[in-house]
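Visitor: how does the following fold in three dimensions:
(one chain, ligands or ions: 1)
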Amino acid sequence: MSQQIDHLLTEDRRFAPPADFVQNAVAKPGIYDEAADDRLSFWAARSRELLHWHTPFTNVLDWSNPPFAKWFDDGKLNVAYNCLDRHVEAGNGDRVAIHFEGEPGDSRSVTYAELTAEVKRVANVLAGLGVGQGDRVAIYLPMIPEAIASLLAVARLGAVHSVVFGGFSADSLRARIDDAGAKVVITADGGYRKGKASALKPAVDQALSDRGDGEQATVEKVLVVRRTEQEVEWTDGRDVWWHDVVPAASAEHEAEAFDAENPLFILYTSGTTGKPKGILHTSGGYLTQAAFTHRNVFDLHPETDVYWCTADIGWITGHSYVTYGPLANGATQVLYEGTPEFPEPGRWWDIIEKYGVSIFYTAPTAVRSFMKQGREIPQKRDLSSLRLLGSVGEPINPEAWMWFREVIGSGLTPIVDTWWQTETGAIMISALPGVTETKPGSAQVALPGVEIDVVDEKGEAVGNDAGGLLVVTDPWPSMLRGIWGDPDRFVETYWKMFADKGFYFAGDGARLDEDGDIWLLGRVDDVMNVSGHRLSTAEIESALVAHDATAEAAVVGASDETTGQAVVAFVILKESFLKDNSAEGLANTLRQWVGEQIGPIARPRDVYIVGELPKTRSGKIMRRLLRDVAEGREVGDTQTLADTAVMSVIARQVK
Ligand code: PRX
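Guide: As a prediction, the model looks like this:
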């Protein structure tokens, strides 16, 4: 089977950045030449310019034992010092680091001086609980300032955090605690979501309870933040209230310098099969690329911008672009605890108006759900402070891109579509907003210093106007250093496919257009084969969403006697269309529409109108489950779904 993925959609809209944007932009066109001249010197210069090294490095990259990279490995730094103390020492202690907005409407602003003092206190508390360099601390918290303070306090001690998303169950939490051998858990009584206090502490209690298998959890202490005033069960000797110990702790704490390759965090990401992978990131290289990308891709002017990334701290985006990138750069940011719909659908736009957010980074799934609700909601708010929008997590189809720009960005703001992964640690592909003419739907170009290609299964470049597999051809500073406790799986998963070339295989399909711009086509596992043509889920979904009636779409390949696989689409309609049209009529219209837009080969055999799509908690569509429905099978494991009931509803609708 050829690895070539057929290309069906064309897009020829282009948007140049506004002139004043270009003039004041952080990244200038010359940056690409500088990186191309000498990639390693480029990264070394960025690292020296953006970070404070207690002991300056002289080595840049050690790639003598691939795929195990070392960056800047004879240097020493403290990650938390870089995110906090040095801004205070530079006279910016009064700058707001975090504008916190609680879901119930409570809010507080925390300055760099305050956050630094808080992190020092937490570091002292953690040290008192026995945490030292290399120890693992599990963090299971809602989106509150204490979450950011916890990550930084762990980093300050040279210890390793493992953040577990608050929506994960006790079992998932226990599996992650066990795998990492965590010594301490930081949690809260609960957090606010959808207007209710939802509990967290009981899941920790359950996770740590004796499971009758003779295995004791490695956890010795549980530090508990009070957020919701819910009743909690208490284990004396193990559980410690944050408010009992943190305010009383000393705000003096000297940041010790650690090796550049000191582990910073583990973050678990689900593999295609089996147990989650503990992706390991280290300190100096990670912080360099997180800071560099945050400053250049988001065109950050820390003195004036108000930045907001809506990702949860439980995902890599919450690590790199809520915690480390923004704080290393001294940014002022918004942190929001709750959901976009509470108390009503316009909450996010209210927050943008309230804080004058200028840079806004979110996910396509959020954009599409706002499209579904209609533009009237954002149009009631003043969003004129916005000057840059960003997208991450999935391909953003051109229609959603255009809507984002027109409705949220007043038709003016550049949009950066940023491709990266938990494994890459930081953004790898994106426009630079003051340099690149943007194209709706394309992530566009590798960042300066990052080497990306699209290749066939032998690792040969496919060249422009062709599709294939996305690879990173050279090591990059924020690359994963391994899978916690499983070096073989690390090699097998990411490096074996192109072992002779030494390429990192990302698992994504991609296409280069005539200009050499990169289009992400979805996970390779999801690519369909219809009558011998390899079709991408992303393109057909894009065509479906381009129809006025459609809010969201997911496409899968279902086995088919005649064509090998057939395209099956699951579509959510916009609320305004549901009222006046029959579902059956619209399904036919949409089948035809796709045929007209991209050709008969892509016309779905079936279009199912559904109310919801199965998504992971980070908003990615789980096509595997839809494939089960489309092929009439029992639906597989739904544990990682945000809402496990969704699949039974869909299965019923399809029947
Ligand atoms: O398939 C790609 C998709 O998300 C995957 C990485 O997921 P995760 O590790 O959870 O990290 C998400 C946040 C960085 C990728 O392999 N993906 C991410 N960004 C994009 C994307 N697909 C298309 N366009 C993007 N901008």
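
Visitor: any idea how far Ala255 is from Val119?
Guide: According to CB to CB, to the nearest Å, Ala255 stands 9 Å off from Val119. Bear in mind the C-beta positions are built from the backbone N, C-alpha and C, glycine included.

Visitor: so for the residue of the chain most remote from its centre, what's the pLDDT?
Guide: What lies farthest from the middle of the chain is Thr562; by CA atoms, centre = their mean that is 39.1 Å. Per-residue pLDDT puts Thr562 at 86.

Visitor: one more: Asp6?
Guide: On the pLDDT scale, Asp6 gets 68.

Visitor: before we move on, back to that, now for Ala255 and Val119: what residues contact both?
Guide: By the contact definition CB atoms under 8 Å, 6 or more residues apart in numbering, Ala255 and Val119 are jointly contacted by 80, 156.

Visitor: model confidence over stretch 110-126, on average?
Guide: 98.

Visitor: contact partners of it?
Guide: With contact meaning CB under 8 Å, 6+ apart, stretch 110-126 is reached by 80, 84-85, 87-88, 92-98, 100, 137, 145, 148-150, 152-154, 156-157, 159, 184, 223, 245-247, 249-253, 330.

Visitor: for Arg523, list the residues it contacts.
Guide: 507-509, 623.

Visitor: now swap in Glu341 and tell me
Guide: 194, 347.

Visitor: circling back: look up how far Arg591 lies from the residue farthest from the centre of the chain.
Guide: Distance from Thr562 to Arg591, by CB to CB: 16 Å.

Visitor: kindly report the same for Lys380.
Guide: Lys380 is 36 Å from Arg591, by CB to CB.

Visitor: quick one, which of these two is more surrounded?
Guide: Arg591 (17 against 12; other CB atoms under 10 Å).

Visitor: any idea which residue of the stretch 251-400 of the chain lies closest to the ligand?
Guide: Closest to the ligand within the stretch 251-400 of the chain is Pro395: 4.0 Å, counting by CB to the nearest ligand atom.

Visitor: quick one, helices of the stretch 201-350 of the chain?
Guide: 201-208, 242-245, 284-297, 316-318, 325-328, 347-355 (DSSP state H, counting those that start in this stretch).

Visitor: among those, which is nearest Thr58?
Guide: helix 284-297 (12.6 Å; CB to CB).

Visitor: what's the average pLDDT for that closest one?
Guide: Rounded mean pLDDT across helix 284-297 is 98.

Visitor: and that helix, what does it pack onto?
Guide: helix 39-50, strand 70-71, helix 325-328, strand 415-418 (3 or more CB pairs under 8 Å, 6 or more residues apart in numbering; DSSP states H and E).

Visitor: run the last query once more with 10 Å
Guide: helix 39-50, strand 70-71, strand 76-77, helix 79-83, strand 263-269, helix 325-328, strand 359-362, strand 415-418 (3 or more CB pairs under 10 Å, 6 or more residues apart in numbering; DSSP states H and E).

Visitor: quick one, strands of the stretch 351-500 of the chain?
Guide: With strands called from DSSP state E, counting those that start in this stretch, the stretch 351-500 of the chain shows them at 359-362, 388-392, 415-418, 452-455, 466-472, 482-483.

Visitor: export the contacts of Arg523 to CSV and tack on neighbour count?
Guide: Output for the contacts of Arg523, formatted as CSV (neighbours: other CB atoms under 10 Å):
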residue, neighbour count
Gly507, 15
Asp508, 21
Gly509, 25
Arg623, 23
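
Visitor: out of these, which sit inside strands?
Guide: 507-509 (DSSP state E).

Visitor: restrict these to contacts with the ligand.
Guide: Residues of the ones in strands among the contacts of Arg523 in contact with the ligand (CB under 6 Å from any ligand atom): 507-508.

Visitor: nearest to Ser369 among the ones in strands among the contacts of Arg523?
Guide: Asp508 (23.3 Å).

Visitor: my guess is that closest one contacts Leu520. True?
Guide: Yes: at 5.8 Å, Asp508 counts as touching Leu520 under the criterion of CB atoms under 10 Å.

Visitor: which residues do the two both contact?
Guide: 395, 419, 470, 538 (CB atoms under 10 Å, 6 or more residues apart in numbering).

Visitor: what distance do you get for the second one to Phe505?
Guide: When CB to CB is applied, the distance between Trp419 and Phe505 equals 14 Å.

Visitor: which of these two has more neighbours?
Guide: Legend: neighbour count by other CB under 10 Å for Trp419 and Phe505, higher for Trp419 (26 against 20).

Visitor: now do the more buried one against Glu596, distance only.
Guide: Distance from Trp419 to Glu596, by CB to CB: 29 Å.

Visitor: so who does the residue in the stretch 301-450 of the chain that the ligand sits nearest to touch?
Guide: Across the stretch 301-450 of the chain, no residue is closer to the ligand than Thr422, which sits at 3.4 Å (CB to the nearest ligand atom). Counting by CB under 10 Å, 6+ apart, Thr422 makes contact with 267-270, 277, 279, 281, 315-317, 319-320, 480, 618.

Visitor: can you name the two of the residues you listed that are farthest apart?
Guide: Greatest spatial distance among these (CB to CB): Ser270 and Ser320, at 18.7 Å.

Visitor: quick one: which of the two has more around it?
Guide: Between Ser270 and Ser320, Ser320 has the larger neighbour count (other CB under 10 Å), namely 28 against 16.

Visitor: would you mind confirming that the more buried one makes contact with Thr424?
Guide: Yes: look at Ser320 against Thr424 with CB under 10 Å: they come within range, at 9.5 Å.

Visitor: okay, Ala255 and Val119: which has more neighbours?
Guide: A count of neighbours by other CB under 10 Å puts Val119 above the other of Ala255 and Val119, at 28 against 24.

Visitor: and that one, what helix or strand is that in?
Guide: Per DSSP states H and E, Val119 falls inside helix 112-128.

Visitor: got a pLDDT number for whichever residue of the stretch 51-200 of the chain sits closest to the ligand?
Guide: The minimum distance from the stretch 51-200 of the chain to the ligand, using CB to the nearest ligand atom, falls at Phe165 (10.9 Å). According to the prediction, Phe165 has pLDDT 92.

Visitor: dump the residue contacts of it.
Guide: Taking CB under 10 Å, 6+ apart, one finds 140-141, 172-173, 176, 267-268, 312-315, 318, 616-618 in contact with Phe165.

Visitor: closest one of the residues you listed to Val654?
Guide: Looking at the contacts of Phe165 and their distance to Val654, the nearest is Thr616, at 20.6 Å (CB to CB).

Visitor: from the ligand, how far out is Ile609?
Guide: 25 Å (CB to the nearest ligand atom, to the nearest Å).

Visitor: for that residue, grab phi and psi.
Guide: phi -90, psi 120 (degrees, to the nearest 10).
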